[in-house]
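# Show me the folded form of this:
(chains A and B)
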There are 2 protein chains.
Amino acid sequence: MTRQGRRPGKPDTKRTILDAAREAFAERGFDGASIRQIATGAGVDPALVHHYFGTKDQLFLATLHVPIDPAEFLPQILSGKREDVGARLVTTFLRIWDSPAGTALAAIIRSAMTRDATLRLLRELLITQILRRVLLHLDLDPAEAPLRLSLVASQMAGLGMMRYIIKLEPLASAPPEVVVAAIAPTIQRYLTGELVCSSQEA
Amino acid sequence: MTRQGRRPGKPDTKRTILDAAREAFAERGFDGASIRQIATGAGVDPALVHHYFGTKDQLFLATLHVPIDPAEFLPQILSGKREDVGARLVTTFLRIWDSPAGTALAAIIRSAMTRDATLRLLRELLITQILRRVLLHLDLDPAEAPLRLSLVASQMAGLGMMRYIIKLEPLASAPPEVVVAAIAPTIQRYLTGELVCSSQEA
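Purely as a prediction, here's the structure:
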């Protein structure tokens, strides 16, 4: 789940490229920024950007120091049985946050809160690296999909925040299976269930 | 919903009291800190602390610049029909966040992320000013109540984060009734429904 290490390269050049990339992604968004523009901004050849950082997706993850690549783990979660996708998403989410990568993720989220530019990058990360991939793999009604995905994002973000950043008990130290049992049905309903229904006691 | 204004008082004295209070709450938590200790820390009489800031709850809200007092609006939300409490909670949550107080709340949460002491204060705020009051008014099984409340907190925090801070569309600009219809059943299940159940397509 950790990203492949690439050859180190000259630290100054890599840092210059990352700075240019961060600025481009924050100003123009992921889709609006191009490797060519970033290379120009850093005063290097586009081939060098690819050489050091791989794809545009990978460069974007590197600008935020994201320690995992959703392209690696999302497809398999999303390709299993449709009625269990909620449980698989929550289980994997907890496994990542409970790993060393979780500490890095908490740091990214906490620091994103302090600067609007980083907050925009975090939103781009969520949309382009995670939600779009979920859309690709799940066959959702296009009219409803965006709302469904943002509801999923709201519960997942809140779970991450309360369990790993605010550390609210007993959620912070509940066994993963308890958390999955409680939250998976929510994710499942947001993805595949009825969204507009009268609230009723279960 | 706005807190009652108190007489202004000498700015320096009020600031000294607030600084002492913030330090005491961050170090010893809400329950561990006392007005007497805070007054001693600020070099003033405890009566002056009450005079300027009212109760310990109100002093605590003032240290975080929280623009609303949960003691004022929570009881009525929680005292209505039990099977609609999820919808009432989400509706009120959106009304507060959509008001000018929402901007202040977003600022508090964003700034809390940068300092561990403020993050601890935010957790104390959540536990002592909100979750305890929900517990008081809803008749929940004491063995399950803490987990239920922290699940509710996770969905509410994630909703606030995605709609008002990260501003993820379409959740950010969805009409309140759409958000309530989608999220109220989640809150209702966390509060009064079955927590351990196999996930299934609705």
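
# Next one, pLDDT for residue A:23 please.
Residue A:23 carries a pLDDT value of 89.

# ok, now which ones touch it?
Under the criterion of CB atoms under 8 Å, 6 or more residues apart in numbering or on different chains, the neighbours of residue A:23 are residue A:41. The way it works is simple: take the backbone N, C-alpha and C, and place the C-beta from them, glycine included.

# Which helix or strand contains it?
Using DSSP states H and E, residue A:23 falls within helix A:11-32.

# now that helix, how far from the centre of its chain.
18 Å (CA atoms, centre = their mean, to the nearest Å).

# Give me the buried positions along that helix.
A:14, A:17-18, A:20-26, A:30 (16 or more other CB atoms under 10 Å in any protein chain shown).

# Distance of residue A:192 relative to chain B?
5 Å (CB to the nearest CB, to the nearest Å).

# ok now do the residue in chain A that chain B sits nearest to, which residues does it touch?
Of all residues in chain A, residue A:158 sits closest to chain B, at 2.4 Å by CB to the nearest CB. Neighbouring residues of residue A:158 by CB under 8 Å, 6+ apart: B:153-159, B:161.

# Then residue A:153?
With contacts defined as CB under 8 Å, 6+ apart, residue A:153 is in contact with A:126, A:130-131, B:158, B:162, B:168, B:171.

# Could you rerun that using 6 Å?
Residues near residue A:153 by CB atoms under 6 Å, 6 or more residues apart in numbering or on different chains: B:162, B:168.

# host element of it?
Assigned by DSSP H and E, residue A:153 falls in helix A:145-160.

# now the angle from that helix to helix B:145-160?
Here the directions of helix A:145-160 and helix B:145-160 differ by 130 degrees (axes from the mean of the first three to the mean of the last three CA atoms, to 10 degrees).

# Domains in chain A, by residue range?
Following automatic domain parsing, chain A resolves into domains at A:11-63, A:70-192.

# Any stretches of chain A with poor pLDDT?
A:1-9, A:196-202 (pLDDT under 70).

# So which residues on it come close to chain B?
For chain A, the residues in contact with chain B (CB under 6 Å from any CB of the partner chain) are A:83, A:86-87, A:110, A:113-114, A:123, A:146-147, A:150-151, A:153-155, A:157-159, A:161-162, A:166, A:168, A:170-171, A:181-182, A:184-186, A:188-189, A:192-196, A:199, A:201-202.

# Same question for the helix or strand containing residue A:177: list its buried residues.
Following DSSP H and E, one finds residue A:177 within helix A:176-192. Of the residues in helix A:176-192, those with enough neighbours to count as buried (16+ other CB under 10 Å) are A:179-192.

# Same list (the residues you listed) but as CSV, adding distance to residue B:141.
What follows is the buried residues of helix A:176-192, written out as CSV (distance: CB to CB, whole Å):
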residue, distance to residue B:141
A:179, 19
A:180, 21
A:181, 16
A:182, 15
A:183, 19
A:184, 21
A:185, 19
A:186, 20
A:187, 24
A:188, 24
A:189, 23
A:190, 26
A:191, 29
A:192, 30
